[in-house]
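here is a sequence together with a model predicted from it:
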Amino acid sequence: MASKSIILLVSLLAIAIAASTAEAQLGLIGGLLGLIRIQGTLFCTLNGNMGVNGTSTPVFPNALVQLRCGGTVVSAATTNGSGLFSIVLDPAQVLLSSILSSCNLVVNTPLSTCNAILPAVGSLLSPLQLIGNTLVGLLNVANLIPTGFQLLSNLT
């Protein structure tokens, strides 16, 4: 029984070494084996952010969140019932540096759809920030979040 455990441990160690060696050998190609993930929670407020001091704030379900770069919609996601959204991009198609410098999250869904006393016109807009990378196997996932939404006159 002990010998089976030792064999299993040695096998797992060999797989881990092979994976790290493969990652080191890939070099620049390793950068292509990644993803860019933009995620966050959209709240039903004038600025789409959580209330002051973490006060109870309703979320904004079923809102279309667009990633716009230079006025072009690159990708989009719809918030779920908890106001959460996630956009995943291929870095071979869009550079991380370009996303951080020239892209914004835009929400054109009227705020009045989640709260009738909020404006029916205007858009929420937020720049993005990199909060770090996560290694998932050989995939390097760059994690981005909105820096903070602001209500602007309609961007359409």
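Perfect, thanks for sending it.

check the secondary structure at the residue positioned nearest the centre of the chain for me.
The centroid of the chain falls nearest to residue 38 when counting by CA atoms, centre = their mean (1.2 Å). What DSSP: H, G, I helix; E, B strand; the rest coil gives for residue 38 is strand.

in this structure it contacts residue 87, no?
Yes. At 4.4 Å, residue 38 counts as touching residue 87 under the criterion of CB atoms under 8 Å. Any C-beta I mention is one placed from the backbone N, CA and C, and that applies to glycine too.

identify the contacts common to these two.
residue 67 (CB atoms under 8 Å, 6 or more residues apart in numbering).

just for this structure, where's the confidence low?
1-32, 54-55, 154-156 (pLDDT under 70).

can you show me the strands along it?
Using DSSP state E, the strands of the chain run over 34-41, 64-69, 72-78, 84-89, 103-107, 123-126, 128-136, 139-146, 150-152.

please save the CA atoms from the second one in CSV.
Presented in CSV, the C-alpha positions along strand 64-69 are these (Å, rounded to 0.1, in the frame of the first residue of the first chain):
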residue,chain,number,x,y,z
LEU,A,64,-25.6,44.9,-21.0
VAL,A,65,-21.9,45.7,-20.2
GLN,A,66,-19.8,46.5,-23.3
LEU,A,67,-16.1,46.7,-23.6
ARG,A,68,-15.5,49.6,-26.0
CYS,A,69,-12.1,50.4,-27.5
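
and that strand, which strands flank it?
strand 72-78 (antiparallel), strand 103-107 (antiparallel) (DSSP bridges).

same thing with the shortest one?
According to DSSP bridges, the neighbouring strands of strand 150-152, each with its direction, are strand 123-126 (antiparallel).

neighbours of the residue lying closest to residue 115 once chain neighbours are set aside, how many?
Excluding its sequence neighbours, the residue lying closest to residue 115 (CB to CB, 6 or more residues apart in numbering) is residue 44, at 5.1 Å. Residue 44: 18 surrounding residues under other CB atoms under 10 Å.
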